[in-house]
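Visitor: prediction below, plus the sequence it came from.
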Amino acid sequence: MTGRPHRPLTNWHRTHAETLTLGERAADWLRNRMGSWGFIFGFTAVMAGWALLNAGSAAIDPFPYIFLNLLLSMLAGMQGAILLIAARRQDEISAALAQHDYETNIAAKFEIEELQRIAREQLAILRRLEESGVLAGRDGETPTGDAQRRDPQEDVRRER
């Protein structure tokens, strides 16, 4: 049938994952790691270790930890950029999924309409058969002509 939408039958997530660039994979990996408890605990451990290493007299970055503040500022700047990249990518994924859902729904709509059309045609045929007397109507009329057949199960019941 021409003009009928094709229902997408692919796993969208798998197909999408196969098309990711190295930068997109890295942004997703970093986003997933920075948004975890492991990152929080690791970050706290690094901060505590930094403070312990620089508490003595041979400290590389003595209190108030100016170098550490510089590193944390750079980390915050990079984290913000990475999170924005990940958020933009998530928006793209959501838009692509919405389009995929829309295409699936349109295809399903056409299939449902086709099934409804077939059901209406079948009902019309049954009505014509009832009107012509080939089938028993709802009021219990018996069929006539060639359509009147004996039920083989009835013969088995009579023999018992």
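Guide: Thanks, I have it. Numbering: from 1, shown residues only.
Visitor: tell me how many other residues crowd A27.
Guide: 21 (other Cβ atoms under 10 Å). C-beta: built from backbone N, CA, C; applies to glycine.
Visitor: what helix or strand is it on?
Guide: Using DSSP states H and E, A27 maps to helix 22-34.
Visitor: quick one: find the helix or strand in the protein with the lowest mean pLDDT.
Guide: Lowest mean confidence among the helices and strands of the chain (mean pLDDT, DSSP states H and E): helix 152-159, at a mean of 55.
Visitor: what packs against the lengthiest helix in the chain?
Guide: If you go by DSSP state H, the chain has its longest helix at helix 66-132. Helices and strands in packing contact with helix 66-132 are listed as helix 12-18, helix 22-34; criterion 3 or more Cβ pairs under 8 Å, 6 or more residues apart in numbering; DSSP states H and E.
Visitor: by contact count, what packs against the first one?
Guide: When you say that, I think you mean helix 12-18. Applying 3+ Cβ pairs under 8 Å, 6+ apart, one finds that helix 12-18 makes contact with helix 66-132.
Visitor: returning to that earlier point: pull the residues that contact the following helix or strand past the helix holding A27.
Guide: Towards the C-terminus, the helix or strand next in line after helix 22-34, according to DSSP H and E, is helix 37-53. Contact with helix 37-53 is made by R33, A59, I60, D61, Y65, L68, as judged by Cβ atoms under 8 Å, 6 or more residues apart in numbering.
Visitor: just the buried ones from these?
Guide: D61, Y65, L68 (16 or more other Cβ atoms under 10 Å).
Visitor: now tabulate those residues in a markdown table and tack on distance to G133.
Guide: Formatted as a markdown table, the buried ones among the contacts of helix 37-53 follow (distance: Cβ to Cβ, whole Å):
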| residue | distance to G133 |
| --- | --- |
| D61 | 101 |
| Y65 | 99 |
| L68 | 96 |
